[in-house]
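Engineer: After the sequence you'll find the predicted model.
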Amino acid sequence: MFESISNRIQDAFKGLRGEVRLTDAHIENALSEIRLALLEADVNLAVVKAFIDRVRDKATDQTVLKSLSPVQQVVKIVRDELLALFGDAEGGLQKQASTPRVVLLLGLQGSGKTTTSGKLGHWLTRQGRHPLMVSTDVRRPAAIQQLSVVGEQANVRVYAPETMDPVARASGALAEAKAKGFDTVIVDTAGRLHIDDDLMTELQAIKDAVHPSDLLYVADAMTGQDAIKSAGEFNRRVGVTGVVLTKLDGDARGGAALSVVSVVGVPIAFVGSGERIEDLELFHPDRIVSRMLGMGDVLSLIEKAEQAMEEGEAEKLEERLRKNQFSLDDFAKQLRTIKRMGPLESVLGMIPGLGGLKELAQNRPDDKQLARVEAIISSMTPQERHNDSIINGSRRKRIAAGSGTKVEDVNRLLNQFGEMKKVIKMIGQGGPAALRQAKGMPKLAAGQQGFGPGGGKKRKKGGPWGLIKSR
């Protein structure tokens, strides 16, 4: 979501890095670019003005301009001010709550409340909690059935009484939780406009009946400032403790995320970053800002990898790498792990230095290209996957026919996998010293065989994803 604004801000910094000494004029040019980036991203005008003024005041200080690293000082100032836009509150639910905790989801129709209910239930289950969900949306056709389907996907119990009274359904779910030991009740409410007095009165009645500790406003990030205005009105009418931004994996420009804390006055609690039931994350402002500035987000990358990898899988892989037994079977498992981590674009954005590479963006592999590699490996026999050296010409023709690809695609995969094994062997035999010595070899593989973004002038046509992307 932040790709456009991130690129513009990083381009502004590149202009500064070319200067030996910074002047007020250099700062103003960079701030002009950042201002345009924020406005084009649909950030609230008052928020942009205050942000630019604060950065200017700090960046034009003489101690910054005359420091040994003025550009780094300016980057730090921008980073600190972006963090200030998100506030200093941590994401997630309220720290203090009675048992069972009641979470009330509210917002406009179509913002993703029902799906978010299931995602939140799944997230709580991963935290060791025992949630119970209930729908109070008795107006939208099949809304109650939709929550039941989502609950089944998330493996979360759904309370489904016969009554169609929203307040009675919420109260019944709370009583059920107390009776059967559920520690959290997630109440999915009907979508409504803040100007609909009858529906807002109903929402207040539900709130009075179950006394929620968390009132989460679910906002579609693609609606921009409209979502922020509505969140402010909901906060004024019934009170909001946090915001859940959905569809952050879409092409929204990011203005809603950057404006919500300043305009509404409540923190962002969670963000939805995909369509899968696992795609709900705690909001970490420092990690988002690091991605925007091209610094990556290693912590989130590690968390995604831990969730995607099966228990004990990492230890087994490490042992096979150490013994130089890495096979095409292992490679296929790693591809499936990467796919479970979510959209490859978001994963790449978490790797420091890769998120802002324009060539990387142009040659980024997609799910079809990953599926092509998987199809080639799946068309091999177990013996071939275990020992790729036995794959001769006739076997390559059979594998290509079985996977619906060309012999050239099979050859390319095998050649590049061979280069990968050479690098792994060097590192496994020599430890850190061999790793430093092998730095040139991955670069050669990157440029000529398609590993990573390096490779210099010898890079073959097709970009940095030759192993995955058919050229």
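Structural biologist: Perfect, I can see it now. As the structure is a prediction and not an experimental result, all values here were calculated from the model.
Engineer: Every contact and neighbour count from this point should use C-alpha atoms.
Structural biologist: OK.
Engineer: any idea of the pLDDT on residue 102?
Structural biologist: pLDDT, residue 102: 96.
Engineer: Which positions in stretch 148-157 come out as buried?
Structural biologist: 148, 150-151, 154, 156-157 (16 or more other CA atoms under 10 Å).
Engineer: Ok, stretch 29-40 next?
Structural biologist: 30-31, 33-35, 37-39.
Engineer: would you put the C-alpha positions of that stretch in PDB?
Structural biologist: The C-alpha coordinates for stretch 29-40 follow below in PDB (Å, rounded to 0.1, in the frame of the first residue of the first chain):
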ATOM      1  CA  ASN A  29      13.500  20.800  -2.300                       C
ATOM      2  CA  ALA A  30      13.300  17.500  -0.400                       C
ATOM      3  CA  LEU A  31      10.400  18.700   1.700                       C
ATOM      4  CA  SER A  32       8.500  19.800  -1.400                       C
ATOM      5  CA  GLU A  33       8.800  16.200  -2.800                       C
ATOM      6  CA  ILE A  34       7.700  14.700   0.600                       C
ATOM      7  CA  ARG A  35       4.800  17.100   0.800                       C
ATOM      8  CA  LEU A  36       3.600  16.100  -2.700                       C
ATOM      9  CA  ALA A  37       4.100  12.400  -1.800                       C
ATOM     10  CA  LEU A  38       1.900  12.800   1.300                       C
ATOM     11  CA  LEU A  39      -0.800  14.800  -0.500                       C
ATOM     12  CA  GLU A  40      -1.000  12.400  -3.400                       C
END
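Engineer: and for it, what are the contacting residues?
Structural biologist: Outside stretch 29-40, the residues that touch it by CA atoms under 8 Å, 6 or more residues apart in numbering are 4-5, 8-9, 12-13, 15-16, 45, 48, 52, 56, 253, 255.
Engineer: what's the answer for stretch 191-210, then?
Structural biologist: Counting by CA under 8 Å, 6+ apart, 102, 104, 106-110, 137, 166-167, 170-171, 174, 189, 230, 233-234, 237-238 sit against stretch 191-210.
Engineer: Just the ones in helices from the residues you listed, please.
Structural biologist: Residues of the contacts of stretch 191-210 located in helices (DSSP state H): 166-167, 170-171, 174, 230, 233-234, 237.
Engineer: so which of those residues would you say is closest to residue 213?
Structural biologist: Nearest to residue 213, judged by CA to CA, of the ones in helices among the contacts of stretch 191-210 is residue 174 at 12.8 Å.
Engineer: separation between the closest one and residue 159?
Structural biologist: Counting by CA to CA, to the nearest Å, the gap from residue 174 to residue 159 is 10 Å.
Engineer: What residues of the helix or strand hosting residue 56 count as buried?
Structural biologist: Following DSSP states H and E, one finds residue 56 within helix 45-59. For helix 45-59, burial by neighbour count (16+ other CA under 10 Å) applies to 47-48, 51-52, 55-56, 59.
Engineer: which parts of stretch 271-278 are buried?
Structural biologist: Residues 271-274, 277-278 are the ones in stretch 271-278 that count as buried (16+ other CA under 10 Å).
Engineer: Show me the two of the residues you listed that sit farthest apart.
Structural biologist: Applying CA to CA across the buried residues of stretch 271-278, the maximum distance is between 271 and 277, 12.5 Å.
Engineer: Filter the buried residues of stretch 271-278 down to just the ones in strands.
Structural biologist: Counting by DSSP state E, those place 271-272 in strands.
Engineer: before we move on, the earlier item: if we only consider the buried residues of helix 45-59, which is nearest to residue 128?
Structural biologist: Of the buried residues of helix 45-59, the one sitting nearest to residue 128 (CA to CA) turns out to be residue 47, at 38.7 Å.
Engineer: All set now, cheers.
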